[in-house]
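Engineer: how would this look folded up:
(one chain, ligands or ions: 2)
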Amino acid sequence: MNSRAPQAHPAPQDAPHELRYTRGAMALHWIMAALIVVVGVLGLLHDSWPRRSQAFWIDLHALIGLGVWALIVVRLGWRLGHPPPALPPEIGVLPRKLSYALHLLLYLLVFVTPLIGIVTFIWHGRAFDFGLFKVDFGVRSNRAIFHPTEDIHGYLAYTLFGLIGIHLLAALWHQFVRRDRLLQRMWPAAAPGRGGRP
Ligand code: HEM
Ligand code: HEM
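Structural biologist: Ligands and ions are numbered 1, 2, ... in the order given. You can find the predicted model right below:
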């Protein structure tokens, strides 16, 4: 006979594997999040670099941004065939809908923002410098294109930062106010011996 008292809702890290994201999803999520922080900070600093090194930093921003875009394409492709783990039953209908809408918006912005950045970059007459080789589309700088797209790219990026802030606050609220350990669904390091994935 099992002497343990039954748990109403097992904490996600003690819960069956279905309640946690897969390792692949976690890896993509955290690598993408770290790169977005780096690319975002580089973006915000564009005007602060000395003139002679500005092109280098904008190129670095663009290359990491391309990496983010490649990752989101992989993530979205993967996500279509791998639905996320079911949310715990105590999460109400409205929070479910809000979290779904927020995740959708995050995906959309991470997909679209770099695309507008690419247009801005190329129509500014810039070339992607990968170190070993360059990719130059030979497009002449065209202010009529890069000026509005630069603004749009910036607005999209600021909206993304705002939504990431809400996403982060929601995760912290679940972790420290509701204490329902929702963060564990996306947290790779489960303590050994506590039911975490091997
Ligand atoms: C910085 C950029 C970030 C982006 C773009 C991002 C985006 C996303 C997206 C799109 C999902 C939904 C995954 C899916 O169902 O396919 C997700 C889930 C999640 N994220 Fe983030 N995230 C970021 C940062 C963070 C941070 C800083 C935290 C917490 C400290 C966090 C915690 C979580 C958690 C706990 C989930 C799972 C939510 C659930 O259980 O349904 N994320 N994130
Ligand atoms: C999720 C990925 C990205 C984020 C979060 C991001 C963020 C930003 C931010 C915050 C700015 C400054 C906007 C302003 O203050 O007005 C910026 C500018 C810019 N970004 Fe991005 N960016 C991303 C991806 C890319 C990509 C992939 C490219 C190009 C391939 C790119 C090219 C540019 C360019 C050319 C500028 C204007 C630089 C200038 O002042 O000339 N960005 N970006």
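
Engineer: interface residues of this structure facing ligand 1?
Structural biologist: The chain has residues 29, 33, 36-37, 79, 84, 87, 99, 103, 106-107, 110, 164, 167-168, 171, 182-183, 185-186 near ligand 1, with proximity defined as C-beta under 6 Å from any ligand atom. In short, each C-beta sits where N, CA and C put it, glycine included.

Engineer: Would you map the strands across this protein?
Structural biologist: Secondary structure of the chain, counting by DSSP state E: strands at 128-129, 134-135.

Engineer: So what's the gap between the first one and the chain middle?
Structural biologist: Going back to what we said before, that points to strand 128-129. Centroid displacement of strand 128-129 relative to its chain, using C-alpha atoms, centre = their mean, to the nearest Å, is 23 Å.

Engineer: tell me what it is packed against?
Structural biologist: When contacts are defined as 3 or more C-beta pairs under 8 Å, 6 or more residues apart in numbering; DSSP states H and E, strand 128-129 packs onto helix 51-81.

Engineer: buried residues in the helix it packs on?
Structural biologist: Neighbour-count burial for helix 51-81 flags 57-59, 61-62, 64-69, 71-72, 75 (criterion: 16 or more other C-beta atoms under 10 Å).

Engineer: Good, we can wrap up now.
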